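> just the structure for this:
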Amino acid sequence: MGVRTLARAALPAVPGINLLPGIRKVPAAQFQGLSTSGPATPIDASHVAAYSRVCGFPRRDTVPVTYPHLLGFDLHMEIMSSPEFPWPAIGTVHVENTITSHRPIALTETLGATTSVGAPRPHAKGMVLDFVTTISSGEEIVWESISSYLRRGRGDESAEPGLSLPAPPEGRAVWDLPADLGRRYGAVSGDLNPIHLYPLTAQALGFKRQIAHGMWTKARCLAAIENRLPDAVRIEVAFKKPVFLPGKVAFGLEGDRSSWQFALTNPGDRSPHLVGRTSAV
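Just a heads-up that it's a prediction; the model follows:
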């Protein structure tokens, strides 16, 4: 993704003012939705290997269950950088993610991706935009996801709640996360949001230091149980409190192959960073 696209996604909407030549974000009240697609592209096995290393997945002849999110993320950024999308990417918080994998995807496949987002829905802390991504191999839909992004603002206390997930299981395995984790994952995923990179870039956006990517935390949890997941699986997570880097998190797991409940929590006060659930489909 080019610098211009990233800048367009990051810049705020200022009515009547072009912050970059040729760019004018439409007013939020006029937004009804956008959709975009990417060309069918062969899977890059070396890129999958790099992703697997940073997320903790073993090397296999299929891609990790979270890997197709990277194809969708490029399309998310394409939409967020469009003049027809009213809001900047910076300040948009990924609060929930649901993946439905219909079968394992082989490294030899060619995948196409489509993402759409509709009008925002109300939330107690503002509004939520649901980015729906479909990954296809030929004519077959093999993977789908919903990434829900929160834009903070005047909320609606009567709004429908998000995912209903079980209480986080007790964390028993403690993981040490290095300071450069956000930079390493960002280099592979293309998500170079400044909040993930360095203390100074994170502080400029209101964080005391850099934080881990939410989708890295989801991927790392699934890497810990990937050999216990069914071939067709739905994986729902809610991202709670940020994980500051460097830092420690505790991984908890309960259930069986038909349904796992998992979480990342603070080893000290047990407050949740991520709460998730898998189910066979």
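> only C-alpha atoms from now on, for both contacts and neighbour counts.
OK.
> so where does the residue nearest in space to the middle of the chain fall, helix or strand?
Nearest to the geometric centre of the chain sits Met215, at 4.3 Å (CA atoms, centre = their mean). Assigned by DSSP states H and E, Met215 belongs to helix 214-223.
> list the buried residues in that helix.
Going by neighbour count (16 or more other CA atoms under 10 Å), the buried part of helix 214-223 is 214-223.
> what does stretch 120-137 give?
In stretch 120-137, counting by 16+ other CA under 10 Å, buried: 120, 122-124, 126-137.
> and that stretch, average pLDDT?
The average pLDDT within stretch 120-137 is 94.
> hmm, who's touching that stretch?
68, 72, 76, 109-119, 141-161 (CA atoms under 8 Å, 6 or more residues apart in numbering).
> just the ones of those in strands?
Secondary structure from DSSP state E places 110-118, 141-152 of the contacts of stretch 120-137 in strands.
> drop anything exposed from those residues.
110-117, 141-151.
> what about the protein, any weak spots by pLDDT?
1-24 (pLDDT under 70).
> how about the strands in it?
Counting by DSSP E, the strands of the chain are 33-42, 92-101, 110-118, 121-123, 126-137, 140-152, 173-177, 233-239, 247-256, 259-265, 272-280.
> and of these, who's closest to Pro86?
strand 33-42 (10.4 Å; CA to CA).
> separation between the residue nearest to the centre of the chain and His69?
9 Å (CA to CA, to the nearest Å).
> check Glu160 too.
Distance from Glu160 to His69, by CA to CA: 26 Å.
> which of the two has more neighbours?
His69 (23 against 11; other CA atoms under 10 Å).
> so what's that one closest to, chain neighbours aside?
If the residues on either side of it in the chain are set aside, His69 comes closest to Ser145, at 7.7 Å by CA to CA, 6 or more residues apart in numbering.
> so who does that neighbour touch?
Here Ser145 is in contact with 69, 97-100, 132-134 (criterion: CA under 8 Å, 6+ apart).
> let me know the closest of those to Lys25.
Val132 (21.6 Å).
> beta partners for that closest one?
With DSSP bridges as the criterion, Val132 is bridged to Ser116, Ile146.
> contact partners for Leu107?
Taking CA under 8 Å, 6+ apart, one finds 43-45, 61-63 in contact with Leu107.
> ugh, wrong one, I meant Leu163
Contacts of Leu163 (CA under 8 Å, 6+ apart): 96, 236-238.
> most neighbours among the residues you listed, please name it.
Val237 (26 neighbours).
> which residue packs closest to that residue, ignoring adjacent ones?
Using CA to CA, 6+ apart, the nearest residue to Val237 is Gly276, at 4.1 Å.
> over to Tyr185?
Val54 (6.3 Å).
> how many residues are close by that neighbour?
Val54 - counted by other CA under 10 Å - has 17 other residues nearby.
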